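Chemist: with the input below, show me the fold.
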Amino acid sequence: MEKRYVRRGFALAVTAAMAFAACTPTPGGTSSPTPGGSASASVAPAARGAGGDLKILYWQAPTILNPHQAGGTKDNDASRLMIEPMAAYGPDGKPIAVLAAEIPTVANGGVSKDLTTVTWKLKPGLKWSDGSAFSSADVVFSWTYRCDKDSATTTFSKCADVASVKASDPNTAVVTYTAPNANFYLWGVGSTEGILQQTQFKDCVGTKAKDCPANLKPIGTGPYKLVEFKPGDVTTYDINPNYRDANKPYFKTVTLKGGGDAESAARAVCQTGDIDYGWNLNVPLSVLQPMLSAADSKCQFPISYNALERVTLNFANPDAALGAKRSEPDTKHPYLSDIHVRRALAMASNRAQIAEKQYGKPGGEAYCNVAVFPRSKNTDSLDVCKYDLAAAEKELQDNGWVKGTDGIRAKGNVKLVISYITTTSAIRQNNQQILKADWEKIGFKVNISNSIADTFFTNTAPDGYAKFFADLQEFASSQDPDATDFMDSNYTCANVTGQANNWNNGNTGRYCNPDYDAVIKSLKAETDQAKRDALVIQANDILVKDVAVISLVNRTAPTANGFAKTLKGVKQSPFESSLYDIADWSK
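Modeler: The predicted model follows:
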């Protein structure tokens, strides 16, 4: 599990193509979203099942197919072909009905005027892929399952705000929040909100949840049903004969191949044309641009995408000598607990160089904030957001961190030696080198490493991001149109991860600040949108000033997903699973 994997080149594109042959049978606002219609509103493909096999390559391979036990985007996306939410977030951030008959609003009576209850009415005649009837009982069960503490779900963070989910009749589920909630689509909308079949998962609640066989072969309502799942390798799907739309999907089968790296995936979709869709083609601009501009380029990219590329700091102690207490929340990091050390790292981080050299325009922008929507302007003048090696070095020197003869700064017996891990990716290894060079100039010793994404995005591996047995780690994730859940699940004390919650909580940095928590508490209680935006900005500014995290780049296309020019109907949403609209795809 500790094994490191080095970057592979073009040979992997060929390998991926061979594997396929063997396997084949920017939103502008921050206000509360308004309904965007139905997911079936787009033009239907020519004929259901007429398209043969759709080939998808995820260089991070899925390892589980239950969205509530997902270790990362790779798992969530692989499950989305089968497991669906009540509604999805469209490209404009507005909810689109999926299992719901309509989007509940205050105007149509679906949301109570006091913003405490949301009534979801189901589409009539819904069926699971095994032919059994779907009902509100499944919706209620999914809430019970994910909100049982012993189930240790990765979607547990939203449970604290939901008092109950009850069925008023077989086709109606009522969500009641613990208090008025302006973010009333918190529960039920988006890629983390999949509804599980009660019959299949009823014996998987609590301590049995993690190892339940159903996690690897779920029954769903989506356009496809599972044929075979090889964790860490390949997932094959067949058309769901009981899918609610008689005209969709166009492709009869789907082969989702996992593994490789981002560069090989980009070559497979843009140069060789061996695949139809390549996920997260996060490669250096110097490598990607020639593929896009070539006369015979076979790929296209969406224009809307967001992901916050950031370095997470470990506030716990990752020393292996601690044994079972390693990186546990009640331990204290020997030097990252010092605000001056964190400030020095932030000031010595050349965000502009990383954004311009690695991502280019419109690939990404140098970014110091944490919240993307709304964006704080207050941080523009902060010293921790400005690249200044002299100021960073002075910060350390003035606060007792003195350089030794080896060039490494120390205070007492504590030396500034950093272990810095990220996923195996050419662009991230370059990011590591840029940051390492500058950090070592001011007196740190930086040991960099990388872990294959299939391992990194798990809660089981020692070199995974959840256990976080390092000082720093780099990765990216996107945010919902409403920033509340992102700011809550990733940075509040209640969501710190560790053994107690099977490393499933979202706060992997183990950051805990009562002042920050108080702002988030106020944010959850506030219903006025202007005041909510102000609270998000206040929370953001606390994180930036405290250097709870070092944001690097707000990533945009074309560092996202690439797909064949022959593929039609793809409407990527920066707030959703990349495969949320796969039923609409055609050629």
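
Chemist: where in the stretch 351-500 of the chain is pLDDT low?
Modeler: By pLDDT under 70, the low-scoring segments of the stretch 351-500 of the chain are 362.

Chemist: just the strands in it please.
Modeler: Ranges of strands in the stretch 351-500 of the chain, per DSSP state E, counting those that start in this stretch, are 364-366, 402-403, 409-411, 414-415, 417-423, 445-451, 472-477.

Chemist: Asn66 is nearest to which of these?
Modeler: Closest approach to Asn66 among the strands of the stretch 351-500 of the chain (CB to CB): strand 472-477, 18.9 Å. C-beta: built from backbone N, CA, C; applies to glycine.

Chemist: surely Leu472 is in contact with Val417?
Modeler: No - applying CB atoms under 8 Å, one finds Leu472 not in contact with Val417, separated by 11.6 Å.

Chemist: which of these two has more neighbours?
Modeler: Ranked by neighbour count (other CB atoms under 10 Å), Leu472 and Val417 place Leu472 first, with 24 against 15.

Chemist: spatially nearest residue to Ile83, not counting backbone neighbours?
Modeler: For Ile83, ignoring the flanking residues on the chain, the nearest one in space by CB to CB, 6 or more residues apart in numbering is Gly194 at 3.7 Å.

Chemist: and for Gly569?
Modeler: For Gly569, the spatially nearest residue (CB to CB, 6+ apart) is Asp584, at 4.3 Å.

Chemist: where does that neighbour land on pLDDT?
Modeler: If you check Asp584, the pLDDT there is 98.

Chemist: look at it and say how many residues are nearby.
Modeler: 22.

Chemist: and it, how close does it get to Val370?
Modeler: In this view, Asp584 and Val370 are 33 Å apart by CB to CB, to the nearest Å.

Chemist: residue contacts, Tyr224?
Modeler: Listed by CB atoms under 8 Å, 6 or more residues apart in numbering, the contact set of Tyr224 reads 81-82, 237-240, 249, 254, 582.

Chemist: in strands, which of the residues you listed fall?
Modeler: Under the assignment DSSP state E, the contacts of Tyr224 contribute 237-239, 254 to strands.

Chemist: where does this protein have its least confident helix or strand?
Modeler: Every helix and strand of the chain was ranked by mean pLDDT, DSSP states H and E. The lowest is helix 11-23, at a mean of 36.

Chemist: that one: what's the following helix or strand?
Modeler: If you walk from helix 11-23 toward the C-terminus, the next helix or strand you reach (DSSP states H and E) is strand 53-58.

Chemist: from the rest of the structure, what touches that following strand?
Modeler: Outside of strand 53-58, the residues within contact range by CB under 8 Å, 6+ apart are 16, 20, 24-25, 74, 77-78, 251-258, 260, 265, 268-269, 274-280, 579, 582, 585.

Chemist: run through the stretch 101-250 of the chain and note the low-pLDDT ranges.
Modeler: In the stretch 101-250 of the chain there are no weaker segments when pLDDT under 70 is taken as the threshold.

Chemist: let's see that with 90 instead.
Modeler: 157 (pLDDT under 90).

Chemist: do a quick rundown of the helices in it.
Modeler: For the stretch 101-250 of the chain, helices defined by DSSP state H, counting those that start in this stretch occupy the ranges 136-146, 198-201.

Chemist: can you say which of those helices is packed in most?
Modeler: helix 136-146 (a mean of 21; mean count of other CB atoms under 10 Å).

Chemist: contacting residues around that one?
Modeler: Identification of contacts with helix 136-146 by CB under 8 Å, 6+ apart yields 68, 86, 120, 122, 151, 153, 155-156, 159, 162, 164-173, 175, 187, 194-198, 201-202, 204-205, 209.

Chemist: would you turn the helices of the stretch 101-250 of the chain into a markdown table with distance to Glu393?
Modeler: Output for these, formatted as a markdown table (distance: least, CB to CB, whole Å):
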| stretch | distance to Glu393 |
| --- | --- |
| helix 136-146 | 47 |
| helix 198-201 | 55 |
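
Chemist: farthest-apart pair in the contacts of Tyr224, please.
Modeler: Farthest pair in those (CB to CB) is Asp238 and Ile582. Separation: 13.5 Å.

Chemist: which of the two has more neighbours?
Modeler: More crowded of Asp238 and Ile582, by other CB under 10 Å: Ile582, with 25 against 16.
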